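1. Okay, structure incoming, though there's no sequence with it:
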């Protein structure tokens, strides 16, 4: 018979993954040795984006200029909506 309770001590004492789950809580899986994430959240070898990830900059949707432009358009649409409401 195995001493299962005696074998789980090192795993229970290991550091936990620091990733956030979909619900918003912390992932409770043990982190991969030498890393801060578990195997499912980027601790596995070969996981994650490549160094100098050019794919992240492909479209510029989240560039500073694009965000400012969207805010200005949203403000302009809000002003137009208020003006139309005032005409009624």
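-> Sure, I can see it. Remember, predicted model here, so these are calculated numbers, not experimental data.
2. Tell me which residues touch the residue most central in space within the chain, please.
-> Compute the mean C-alpha point of the chain, and by CA atoms, centre = their mean the closest residue is residue 20, 7.3 Å away. Shown in contact with residue 20 (CB atoms under 8 Å, 6 or more residues apart in numbering): 26, 27. Glycine gets a C-beta too; all of them are placed from N, C-alpha and C.
3. Longest helix in this protein, by number of residues?
-> The residue-count maximum for a helix in the chain (DSSP state H) belongs to helix 64-87.
4. got a list of contacts for that one?
-> The contact list for helix 64-87 (CB under 8 Å, 6+ apart) reads residue 60.
5. what's the average pLDDT for that helix?
-> Averaged across helix 64-87, pLDDT comes to 95.
6. cool, stretch 28-35 as well?
-> Stretch 28-35 shows an average pLDDT of 88 in the prediction.
7. So what's the gap between it and the chain middle?
-> Its chain's C-alpha centre and that of stretch 28-35 lie 17 Å apart, by CA atoms, centre = their mean, to the nearest Å.
8. in it, what counts as buried?
-> Counting neighbours by 16 or more other CB atoms under 10 Å, one finds that the buried residues in stretch 28-35 are 29, 30, 31, 32, 35.
9. doesn't residue 38 make contact with the third one?
-> Yes. Using CB atoms under 8 Å, residue 31 is in contact with residue 38, at 5.7 Å.
10. Could you pull out the residues contacting both of the two?
-> Residues touching both residue 31 and residue 38 (CB under 8 Å, 6+ apart) are 16, 17.
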